[in-house]
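Participant: Structure for the following, please:
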Amino acid sequence: MLSFNNCTLEARVVDIATLAVDAIVNAANTSLLGGGGVDGAIHRAAGKELLRECETLGGCATGDAKITRGYQLPAKHVIHAVGPVWQGGARGEADLLASCYRRSLEVAHQAHCRSIAFPAISCGIYHFPANEAVQIAVGTVLESLSRKPGIEHVVFACFDGAMLARYEAELERRQAPPSKPV
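Facilitator: Residues are numbered from 1 along each chain as shown. Predicted structure coming up:
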């Protein structure tokens, strides 16, 4: 857990679709019409109304995010962020992934959200290297919170203990005071 700029950031193993926060982020595909993994789970839990609203959005570009209501989810909103497919790292994947987190927080801020939960965007079937993805996620969230305060609670919803350990280590690293020169 990390406190930063009047916000608490934490990681935990949890089904993101069960969280009662202002917004959960969906690791969506460009169609926004559901898919596998967390995307499919969120669509199933939210009900058919979510798909109907997504059909009106005209898709979403990689690196961008769009918001819908949460419908049958405990979360008020779903922010659909389209992460990049890992293609070796030389095609702007890191910048696109950072953009997902940045845009999600911008959209959450516009909707007056105070709490948000993120999955490990692009770390499933899109094969983004987990260690790099976690560093990008935490770093981008901290940078965004310093520019646009208002979010009070961020949850990094992890799909297993290994991902949790990565997030906890990164949050701990970011919290550690700078070392003193020898």
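Participant: low-scoring stretches of this structure, by residue?
Facilitator: Within the chain, the ranges that satisfy pLDDT under 70 run 176-182.
Participant: Ramachandran angles for the nearest residue to residue 156 once chain neighbours are set aside?
Facilitator: Leaving aside its chain neighbours, residue 156 sits nearest to residue 11 (4.2 Å; criterion: CB to CB, 6 or more residues apart in numbering). C-betas here are computed from N, CA, C, even on glycine. Main-chain torsions, residue 11, degrees, to the nearest 10: phi -120, psi 140.
Participant: Can you give me every residue that contacts residue 11?
Facilitator: For residue 11, the residues meeting the contact criterion (CB atoms under 8 Å, 6 or more residues apart in numbering) are 155-156, 158, 164, 167-168, 171.
Participant: residue ranges of the helices in this protein, please?
Facilitator: Here the chain has its helices, by DSSP state H, at 37-46, 48-55, 93-110, 130-147, 161-175.
Participant: if you compare the ones you listed, which one is most tucked away?
Facilitator: Taking mean count of other CB atoms under 10 Å as the contact definition, the stretch among those with the greatest mean neighbour count is helix 93-110, which reaches a mean of 21.
Participant: Contacts for that helix, please.
Facilitator: Residues from elsewhere that reach helix 93-110, judged by CB under 8 Å, 6+ apart: 22-23, 25, 62-67, 77, 79, 81-87, 116, 118, 121-122, 128, 132-133, 136-137, 139-141, 143-145, 148, 150-151.
Participant: please redo it, this time with the cut-off set to 7 Å
Facilitator: Contacting residues not belonging to helix 93-110 are listed as 23, 25, 62-65, 67, 79, 81-84, 86-87, 116, 118, 121-122, 128, 132-133, 136-137, 140-141, 144, 148, 150-151 [CB atoms under 7 Å, 6 or more residues apart in numbering].
Participant: As PDB, could you dump the C-alpha coordinates of that helix?
Facilitator: Only the C-alpha atoms of helix 93-110 are listed here, as PDB (Å, rounded to 0.1, in the frame of the first residue of the first chain):
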ATOM      1  CA  GLU A  93       3.700  -0.500 -26.800                       C
ATOM      2  CA  ALA A  94       5.000   1.200 -23.600                       C
ATOM      3  CA  ASP A  95       3.600   4.600 -24.600                       C
ATOM      4  CA  LEU A  96       0.300   3.100 -25.600                       C
ATOM      5  CA  LEU A  97       0.000   1.300 -22.300                       C
ATOM      6  CA  ALA A  98       0.800   4.400 -20.300                       C
ATOM      7  CA  SER A  99      -1.800   6.200 -22.300                       C
ATOM      8  CA  CYS A 100      -4.400   3.700 -21.200                       C
ATOM      9  CA  TYR A 101      -3.800   4.500 -17.500                       C
ATOM     10  CA  ARG A 102      -3.500   8.300 -18.200                       C
ATOM     11  CA  ARG A 103      -6.800   8.400 -20.200                       C
ATOM     12  CA  SER A 104      -8.600   6.200 -17.700                       C
ATOM     13  CA  LEU A 105      -7.800   8.600 -14.900                       C
ATOM     14  CA  GLU A 106      -8.700  11.600 -17.100                       C
ATOM     15  CA  VAL A 107     -12.100  10.000 -17.900                       C
ATOM     16  CA  ALA A 108     -12.600   9.100 -14.200                       C
ATOM     17  CA  HIS A 109     -11.700  12.700 -13.200                       C
ATOM     18  CA  GLN A 110     -14.300  14.100 -15.700                       C
END
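Participant: Nothing else from me, thank you.
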